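Enquirer: Quick one: sequence plus predicted model below, questions after.
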Amino acid sequence: MLKEIKFKRKKYKLILTKHALERMEERDISRSIVEEVIESGDSLQKKTKGKWWVYKKIKGRVDNDICLSISIEDPNLIVITTLINWRPKK
């Protein structure tokens, strides 16, 4: 069974792509950090409908914001990749 996660006050089934899992391992980002970023991070909608940047500074980490590229394909929230040292464009 897929884990449910809340994003923008709606519940989705969390799916991590193979690419996201590889980047998580490479960048030392745990599944619990991914869930924390989704549930309590800030977000920016991309130009493509249903695509988002979700990001958050994680206490205890020395890198800048951790960012996730996600796609909402109801009822799924798909994590496409994970990034570190990310800053939103102003």
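Expert: That came in fine, so what should we check first? Computed from a predicted model, the values in this text were never measured in an experiment.
Enquirer: what's the residue closest to the geometric middle of this protein?
Expert: In the chain, the residue lying closest to the centroid (CA atoms, centre = their mean) is residue 68, at 3.2 Å.
Enquirer: what sits opposite that one in the beta ladder?
Expert: residue 54, residue 82 (DSSP bridges).
Enquirer: what's near enough to touch it?
Expert: For residue 68, the contacting residues are 20, 34, 37-38, 41, 53-55, 79-83, by CB atoms under 8 Å, 6 or more residues apart in numbering. For the C-beta atoms, the positions are set from N, CA and C on the backbone; glycine is no exception.
Enquirer: Out of those residues, which comes closest to residue 61?
Expert: residue 37 (11.4 Å; CB to CB).
Enquirer: CA atoms of the helix or strand containing the closest one as PDB?
Expert: Residue 37 is part of helix 31-40 when elements are defined by DSSP states H and E. Taking C-alpha atoms only, helix 31-40 is exported to PDB below (Å, rounded to 0.1, in the frame of the first residue of the first chain):
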ATOM      1  CA  ARG A  31      12.100   9.400   3.000                       C
ATOM      2  CA  SER A  32      11.100  11.200   6.300                       C
ATOM      3  CA  ILE A  33      12.700  14.400   5.100                       C
ATOM      4  CA  VAL A  34      10.900  14.100   1.700                       C
ATOM      5  CA  GLU A  35       7.600  13.800   3.600                       C
ATOM      6  CA  GLU A  36       8.400  16.700   5.900                       C
ATOM      7  CA  VAL A  37       9.200  18.900   2.900                       C
ATOM      8  CA  ILE A  38       5.900  18.000   1.200                       C
ATOM      9  CA  GLU A  39       3.800  18.400   4.200                       C
ATOM     10  CA  SER A  40       5.300  21.600   5.700                       C
END
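Enquirer: Report the buried residues of that helix.
Expert: Across helix 31-40, burial judged by 16 or more other CB atoms under 10 Å covers 33, 34, 37, 38.
Enquirer: Show me what the lowest-mean-pLDDT helix or strand in the chain is packed against.
Expert: One helix or strand of the chain scores below all others by mean pLDDT, DSSP states H and E: strand 42-45, with a mean of 94. Strand 42-45 makes packing contacts with strand 51-56 when contacts are defined by 3 or more CB pairs under 8 Å, 6 or more residues apart in numbering; DSSP states H and E.
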